[in-house]
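**Q** Sharing a model that was predicted from the sequence below.
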Amino acid sequence: MTADSRSTAAGELILPQYQRPAGVHPPLNSPAYRSSTLRAPLQPLVPLPQLLTEVTGPLLGAERVTAADADLTTRHSGEPLGERIIVTGRVLDSDGRPVPDTLIEIWQANAAGRYRHQVDDHRAPLDPNFDGAGRCMTDSQGRYRFVTLKPGAYPWKNHLNAWRPAHIHFSLFGRAFTQRLVTQMYFPGDPLFPHDPIFNSVPDPKARERMIASFDLSTTEPEWALGFQWDIVLRGRGATVFESQEDQ
Amino acid sequence: MSISAGPANLPLTPSQTIGPFFAIGLPWPDGSFAVPEGAAGAITVTGRVLDVEGEPVADALVETWQAGPDSRFAHPDDPRGGAQPATPGFRGFGRCPTDEHGRYRLVTLRPGPLPCPDGRTEAPHLDVSVFARGLLDRVVTRIYFPDETEANAADPVLSALPDVQRAATLVASATPGAPAGEFTFDIRLRGDQETVFFDV
């Protein structure tokens, strides 16, 4: 039980309430992203009160993760080709609290812009030494760290001459159903940003910037790998909660 | 009187689509099994994810989260006290990628009813997130059970939906010809008979 959730002597439930972000996430109907016109709901979303199922969530992962899972470059007998990078940062909630012990799962294309997936028919080589999947748990301060390769840009069929900017997919649970997030991390200065309907589906340019990692020299390891920093912010509980002695 | 950690109000990281290639990293071998197959009291929920044309969505990920049969969550924010699962091996969480026919299958336990802060009672339900190429954010829905007529009628979420026909999209059906405990729940992402989706 945390400070934000309790039941009173009268048996009344008091549940944490997570903020509902306005204007941060992309509209589901974003016709420039063509497949949204087949799949995104047309009816307006119905507000769901945040009750017990919504303010709890799966606290899973530690049993699924080994330290080796955070290094995507050492999974095979040989070294994968490409630009070795370190991607690290913190998972926080919007109240500024770290989100510890939460599972992060990533997946990405190889350095040539090819995914190890049967549906990917891009004429770029697979790398026998690179799968493109990784996972780790955040530590007690919400920190995570992956070693991987910089993924390549790749073409897709959304429109003529469509190319995705280089990105790494991230999946996060947080601690509540309300906090679940799947997103993509981009690299600074990518010339494809203005041309990508997925990146630009986020309406606020400042919010788009928050999907872009920063090059960081202090994360960079000499003679070894470039370092990038990227913090991820999940929904917080916003309003403060008052506790009185009688309830404790 | 004390106040919990003050809100710093950091701006959120936006959502992006899961894309067509998540099978590289996300499916778990035991994902569809919130309890092991054949566990006492196990139920199955199967269904298809369909697009605007009624075509199967073969690259969706359906995730579920729910209470146990004892109406509890193994979570510290359950103010009744985070309980360990009454059924050993019950995880509460399911993660089911769809197959080439758009089909998913979940093996779980039937959740119990839940108390609400306002004193009402939620009918047994599963929260569902659907991720897919073409969805820039997850869509959220709920699965209710067809043999809970009274509880469903009193459920604060289901009963608040203005359109009874649309509310019916949230109620699973008993799978015809199948043993008790096998349910069907199709998810229509867009268009005709579109499933009700929530802003959570």
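**A** Nice, I can see it.

**Q** the helices in chain A, which residues?
**A** For chain A, the helices defined by DSSP state H occupy A:36-39, A:52-55, A:205-209.

**Q** Point out the most buried one among these.
**A** Of these, the one with the most neighbours on average (mean count of other Cβ atoms under 10 Å in any protein chain shown) is helix A:52-55, at a mean of 24. Yep, even glycine has a C-beta here, placed from its N, CA and C like the rest.

**Q** Quick one: mean pLDDT over it.
**A** Taken as a whole, helix A:52-55 carries a mean pLDDT of 97.

**Q** That one near chain B anywhere?
**A** Yes - using Cβ under 8 Å from any Cβ of the partner chain, helix A:52-55 reaches chain B at A:L52, A:T53, A:E54, A:V55.

**Q** likewise stretch A:91-105?
**A** Yes - for stretch A:91-105, a contact with chain B is found by Cβ under 8 Å from any Cβ, at A:L92, A:D93, A:S94, A:D95, A:G96, A:R97, A:E105.

**Q** And the contacts of the longest strand seen in chain A?
**A** Assignment by DSSP state E gives strand A:84-93 as the longest strand of chain A. Contacts with strand A:84-93, where a contact means Cβ atoms under 8 Å, 6 or more residues apart in numbering or on different chains, come from A:73, A:98-99, A:102, A:104, A:138, A:141-150, A:168, A:172, A:174, A:179, A:185, A:213, A:219-221, A:224-237, B:10.

**Q** hmm, which of those residues are the buried ones?
**A** Buried members of the contacts of strand A:84-93, scored by 16 or more other Cβ atoms under 10 Å in any protein chain shown, are A:73, A:98-99, A:102, A:104, A:138, A:142, A:144-150, A:168, A:172, A:174, A:179, A:185, A:213, A:219, A:225-228, A:230-237, B:10.

**Q** Let's see which of those end up in strands.
**A** Short answer: the buried ones among the contacts of strand A:84-93 in strands (DSSP E) are A:104, A:144-149, A:168, A:172, A:185, A:226-228, A:232-234.

**Q** which of the residues you listed lies closest to B:A60?
**A** Using Cβ to Cβ, A:L172 comes nearest to B:A60 of these, at 18.9 Å.

**Q** show me what contacts the closest residue in space to the closest one that isn't next to it in sequence?
**A** Closest residue to A:L172 apart from its sequence neighbours, by Cβ to Cβ, 6 or more residues apart in numbering or on different chains: A:L181 at 4.8 Å. With contact set as Cβ under 8 Å, 6+ apart, A:L181 has these partners: A:F170, A:S171, A:L172, A:G174, A:I232, A:L234, B:T13, B:S15.

**Q** mind showing which ranges of chain A have poor pLDDT?
**A** A:1-11, A:239-248 (pLDDT under 70).

**Q** Helix or strand, whichever it is, which one in chain B has the lowest mean pLDDT?
**A** Across the helices and strands of chain B, mean confidence by mean pLDDT, DSSP states H and E is lowest for strand B:2-3: a mean of 40.

**Q** burial measure for A:H76, as a count.
**A** A:H76: 12 surrounding residues under other Cβ atoms under 10 Å in any protein chain shown.

**Q** who's in contact with the closest residue to it other than its chain neighbours?
**A** Leaving aside its sequence neighbours, A:H76 sits nearest to A:N129 (Cβ to Cβ, 6+ apart; 4.1 Å). Shown in contact with A:N129 (Cβ under 8 Å, 6+ apart): A:R75, A:H76, A:S77, A:G78, A:E79, A:P80, A:L81.

**Q** I'd guessed the first one sits against A:D127; true?
**A** No - the criterion here is Cβ atoms under 8 Å, and A:R75 misses it with A:D127 at 11.0 Å.

**Q** Just want to know which of the two has more residues nearby.
**A** Taking other Cβ under 10 Å, A:R75 and A:D127 do not tie; A:D127 has more neighbours (20 against 15).

**Q** show me the contacts for that one.
**A** By Cβ under 8 Å, 6+ apart, the contact list for A:D127 reads A:P80, A:L81, A:G82, A:N110, A:A111, A:A112, A:R114.

**Q** Setting aside sequence neighbours, what's the nearest residue to the first one?
**A** It stands for A:P80. In this structure, A:P80 finds its nearest non-sequential neighbour in A:F130, 3.7 Å apart by Cβ to Cβ, 6+ apart.

**Q** isn't A:P203 right up against A:A22?
**A** No - A:P203 is beyond contact range of A:A22, at 10.5 Å (criterion: Cβ under 8 Å).

**Q** These two: which is more packed in?
**A** Taking other Cβ under 10 Å, A:P203 and A:A22 do not tie; A:P203 has more neighbours (14 against 6).

**Q** nearest spatial neighbour of the more buried one, skipping sequence neighbours?
**A** Of all residues not flanking A:P203 in the chain, A:G23 sits nearest, at 6.2 Å (Cβ to Cβ, 6+ apart).

**Q** okay, now the one you found: neighbour count?
**A** A:G23 has 10 neighbouring residues, counting by other Cβ under 10 Å.

**Q** Please report how far it lies from A:M211.
**A** In this view, A:G23 and A:M211 are 15 Å apart by Cβ to Cβ, to the nearest Å.

**Q** pLDDT weak spots in chain B?
**A** Scanning chain B for pLDDT under 70 picks out the ranges B:1-7, B:82-83, B:85.

**Q** if we go to 80?
**A** Applying pLDDT under 80 to chain B flags residues B:1-8, B:81-88.

**Q** Sketch out the strands for it, chain order is fine.
**A** Applying DSSP E to chain B gives strands spanning B:2-3, B:42-50, B:60-65, B:93-97, B:103-109, B:114-115, B:121-122, B:125-132, B:139-144, B:173-174, B:182-184, B:187-188, B:198-199.

**Q** Let me have these in a markdown table, adding mean neighbour count and distance to A:A162 as columns.
**A** Listed next are these as a markdown table, based on neighbours: other Cβ atoms under 10 Å in any protein chain shown; distance: least, Cβ to Cβ, whole Å:
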| stretch | mean neighbour count | distance to A:A162 |
| --- | --- | --- |
| strand B:2-3 | 10 | 50 |
| strand B:42-50 | 21 | 25 |
| strand B:60-65 | 26 | 22 |
| strand B:93-97 | 23 | 25 |
| strand B:103-109 | 23 | 29 |
| strand B:114-115 | 20 | 45 |
| strand B:121-122 | 20 | 44 |
| strand B:125-132 | 25 | 19 |
| strand B:139-144 | 22 | 24 |
| strand B:173-174 | 14 | 41 |
| strand B:182-184 | 18 | 37 |
| strand B:187-188 | 21 | 28 |
| strand B:198-199 | 14 | 30 |
